[in-house]
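> Whatever this is, show me its structure:
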Amino acid sequence: MWVLTLRQLLNVPTHHTIWGKTDQRRRSRGTGGPAWNPLTAHVLDTAACTGQLWDRYLTPGMRLRLAEAFGAGDEETARRTVMLLAGLHDLGKGSGCFLRSFGTGRDDDVLLRGRELEAWREQASAAGLPGDAHPDGQADARHEHITAAHLPRILGCGCRPRCGGAGDEFPGLHTVALLLGGHHGHIPDLDTVERASGAAPMEAWEPVYRSLVTEAAELIGVSLPALPALVRPERPAVLAMFTGLVILADWIASSDDHFTYRRLGTPAADWWTASQHQARDAISDLALDRWRPEPRTWPELFPGTTPRPFQSAALAALPEDGPALVVIESGTGSGKTRLAFAIAHHLARTCGHQGLFMAMPTRAATNQAAGELEKFVRRSTGGATTNNLAVVHAAAEATDLVHRLIDASATRQQNALRSLPDSVAVAAHDSGEAGDGKPDEVVLNPWYLRSCLGLVSTFGIGTVDQVVLIPQRNRHWMLRFLGLAGKTVVIDEAHAYQLFQQGMLGAAVEWLADAGASVVVLSATLPAPVREALVRAWCTGHRAVARDTGGTGPVTVVDQGGTVRRAGDEDGVAPVQPRRVGTEVRLQPLPGPTGLATQLLREAADGGITAVVRNRVASAVELHRTARDLGLRNGWRKDEIILLHGRLMGRDRLPLETRVVDALGPGPDTGGPNPGRPRRLLVIATQVIEQSLDVDFDRLYTDLAPIDLLIQRYGRLHRHHHNARPPWFREPALTVLWQPDGAELPVVEPPDRSNGRPHGNPDGGVYAPYTLAASWHALDRRAGEAGRFVLDAREHGALIREVYGPSSPQPGALGQLLGRTEEDWHAAITNENGEVTARQVRPYGRRGRTPTTAYDLASGKAHGGGRDIGAPGIAALSRVGTPSIECLALYQQSNGALTYDRAGLLIADTLYHPADSRDRRSQQKDYLLNTLSIPVTWVSDRNGIPRPSTWPTLHRPALRYRRTALLDPTTGRCTSGPLGITYTPEEGLSR
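A predicted model of the protein is given here:
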């Protein structure tokens, strides 16, 4: 234990004895270091990290905006100002409220609570640190709120009454202080800040604060007298960007892996030198450098291909400099994703964009596309760089790609250390200078698996939920925003999102435009109002007015000045395959499960790949059960009939998805047929294959669905032209199954006994009955009495306008059905728009005029950190619908053993493992693979499934705080936890 003498303490500044953090993990004491780190040291560490992020991570556009807000346009002045302000985020730790908590953390050991605590108290007392005095009622004030209360006064604001002075008021200082008060995830409201102001009496603490700030400013190189007039953050994006930068720098500076504790008595100048070296190494280790792509031709980015005419036209239409909004509307298989990657590469070179993030509709789509993004990253980067690729969704740790990238990161570090002499390797490991890795190496540092941090990675791919949360006040949303503010953000399958999500995406585009990012939107069937809303949001973010230059084409490009250009032509976006007349669409009344299964099995008996897309899991399971039983009696093998839906746990679903993609995917990169394609296969699935899997079917059946989704579904039909097909499936055919009523109209409304409708179509609870009825009418009008017609891709737009545009009156029973369901549809739209309005925050207000202030961004205690936390009606949502309860599902064998599999071969790991260990990662992967999502509507006394609060606790180290369902391996019935559910690997979750 390091203790200073009285003579040494007399030379220690009082503010150096404020502790910032304690050695909970014994990393410092294990190497002979101190048990606690001075607050001043953390101030300097955070400032140094901010400087490194400014130089290496922030884009030119982000630095320009911050320079306007913190340096009167001068970047170096702004850089140092932001470094100081970021470092001061924890100033409020200088308070009795915080200092009293020394050694009280859950992970603090007995030594910290005893001998080390007494030693610190003696040192603090000898140095004259103020005691634990505070007015009654302020004992629980948070240190970040104390920072927000007192920092403006310390930095030079003399306003009354908040700063207690009679001098000039500097509103920018109050804005920054409020933002710093949100560095733990929520910007506080003024009432919270006001209550915290009495927790550190100024008569005692002001001299200590001023001493700390003066020393830090001198070391960083900031003129304190000039600072108040320089701090003028007004642009909304800067408010969120600055807060996110502070959070990121604080998290990095708090890492014991990268920063060592400082000893009292050592000159602060030495601390500052160490902070700068360690910050540089930390940023290198985390690969937090901007994307600096080398010039690449199209064939270099995508070997074996050349750009198609519409792709070349789109690239030529991009602005020479500055960010852009690009909307690409073309059919599946036309090359939208490659074009998006090429656009991102171009914008990184012309705008200095920091990286690329791709937002996908589902986890399955994310997992499949991640491999393609990895290939692109390798090809697009040059030089001796290591590129971090994060997969961002709740089950990311369950994917093999994530673990392969993490292992590559660990191998990189180990190989670099092995190449050094022993003495140098130890030093390099301690400092983080273990090498830069191989050229175009793609890795994943486990640090990016933490909440929000995946978006900070230079390259990332995840579900669209990450983007939807940007314009909502949820925990650490500012860090999410920082991660995307300097990137090209690609939003895939834009037509597939809920109205709520589309509304949130519009607000997110406005925020990203204000920050200087670029956005690429991909869609096969995007309604014109959605495209127009995106263009308006982009122009609002740039304070510009849209100016349409005319022209036609599937690619819309909007620059930062609002100029709208269109590029490409219809012939240039057709799928890369021989020209065909179109796809035959057949309207067929829905037979019973036996009738449909018989038809499917007979049609493909001699070969062919058939898919059936059902709108609900229950109908998919019923058809699969029937087809399997019939098929086994008629020469089909069990493995030739596949069921795929979202209520299968990952351990059972992911191998099925892999098998389907391997068998029905594009095959080798050579462009030839897929050698693994089977002779025949029947895939019965829900919407998971509609958006998620790049697969090719010979024949497709689908339940009646909204027209844009039907178009998306038949994009999986004859998708890869090089695959051989049986003669009877040589021409593409899509059968739309619909449920007729007595008047030969579709049944689209769900059962509702309260309205006198005991029978109905449960699919009407999945999709709006009006969109089902209107889509059926649009198809039936073209099919006529024959029930068939040929659909060409050029008719997609007309079909979508017909369903979603203004309706025309129809006679008789059809008119009554459309009128009744349309009224309900508009009411639902109004309610969903209300959800958007209640939750979203736009940078320039709802009318796009008034800039949002830091006070508008305050969430305080009124907003939650996620969808199930916070005040009702206010908590952030990524999508609306029925929420679910996630639980770990394990099989309990007859001998009491818990296993991951029904056969009892994979014993469940229920031990405790350290957070960063390989065993912990492997355990979490297994747990995610065995996670079930139970619809919350199932949990009720009526359904017989008990609420989670009543589930028994399993006294195993890793299961004590985890919701767990124990399953009988023979029947699949739950025996502990959510009693009433059943799970089998063949059919999935049911009740």
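> The longest strand along the chain: partners in the sheet, and parallel or antiparallel?
Longest among the strand segments of the chain by residue count, using DSSP state E, is strand 884-892. Here strand 884-892 is paired, per DSSP bridges, with strand 898-899 (antiparallel), strand 931-935 (antiparallel), strand 964-967 (parallel).
> could the ones you listed go into a markdown table alongside mean pLDDT?
Converted to a markdown table, the strands paired with strand 884-892 look like this (pLDDT from 0 to 100):
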| stretch | mean pLDDT |
| --- | --- |
| strand 898-899 | 97 |
| strand 931-935 | 92 |
| strand 964-967 | 96 |
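> tell me which element Y261 falls in.
In the assignment (DSSP states H and E), Y261 maps to no helix and no strand.
> ah, wrong one, I meant N723
Using DSSP H and E, no helix or strand contains N723.
> where's it relative to G667, distance?
8 Å (C-beta to C-beta, to the nearest Å). Heads up, the C-betas are built off the backbone N, CA and C, glycines and all.
> which neighbours do these two share?
Contact criterion C-beta atoms under 8 Å, 6 or more residues apart in numbering; residues shared by N723 and G667: 673-674, 677.
> Setting aside sequence-adjacent positions, which residue approaches T837 most closely?
Once flanking residues are discounted, T837 sits nearest to R846: 7.2 Å by C-beta to C-beta, 6 or more residues apart in numbering.
> I figured that neighbour was touching N833, is that so?
No. At 11.4 Å, R846 does not count as touching N833 under the criterion of C-beta atoms under 8 Å.
> wait, which of the strands paired with strand 884-892 is closest to A537?
Nearest of those to A537, taken as C-beta to C-beta: strand 931-935 at 31.8 Å.
> for the closest one, which positions count as buried?
931-932, 934-935 (16 or more other C-beta atoms under 10 Å).
> what about dumping the CA coordinates of that strand to PDB?
Presented in PDB, the C-alpha positions along strand 931-935 are these (Å, rounded to 0.1, in the frame of the first residue of the first chain):
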ATOM      1  CA  THR A 931     -33.400 -18.700 -26.000                       C
ATOM      2  CA  LEU A 932     -37.200 -18.700 -26.600                       C
ATOM      3  CA  SER A 933     -39.400 -15.600 -27.100                       C
ATOM      4  CA  ILE A 934     -42.800 -16.100 -25.500                       C
ATOM      5  CA  PRO A 935     -45.500 -13.600 -26.700                       C
END
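> can you map out the helices along the stretch 601-750 of the chain?
617-633, 650-664, 688-691, 707-713 (DSSP state H, counting those that start in this stretch).
> Redo the ones you listed as TSV? Include mean pLDDT and distance to S125.
Shown next, in TSV, are the helices of the stretch 601-750 of the chain (pLDDT from 0 to 100; distance: least, C-beta to C-beta, whole Å):
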stretch	mean pLDDT	distance to S125
helix 617-633	96	66
helix 650-664	91	56
helix 688-691	74	64
helix 707-713	88	70
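> what's the closest of those to M360?
Of all these, helix 688-691 sits nearest to M360, with 8.1 Å by C-beta to C-beta.
> Name the residues that touch that closest one?
With C-beta under 8 Å, 6+ apart, helix 688-691 has contacts from 361-362, 364-365, 493, 496, 611, 613, 644-646, 657, 660, 683, 695, 709, 712-713, 716.
> thinking again about what came up before, now for the strands paired with strand 884-892, which one comes closest to R262?
strand 931-935 (42.9 Å).
> Could you give the number of residues near the nearest residue to P957 once chain neighbours are set aside?
Spatial nearest neighbour of P957, excluding adjacent residues (C-beta to C-beta, 6+ apart): Y912 at 4.0 Å. Neighbour count of Y912, defined by other C-beta atoms under 10 Å: 12.
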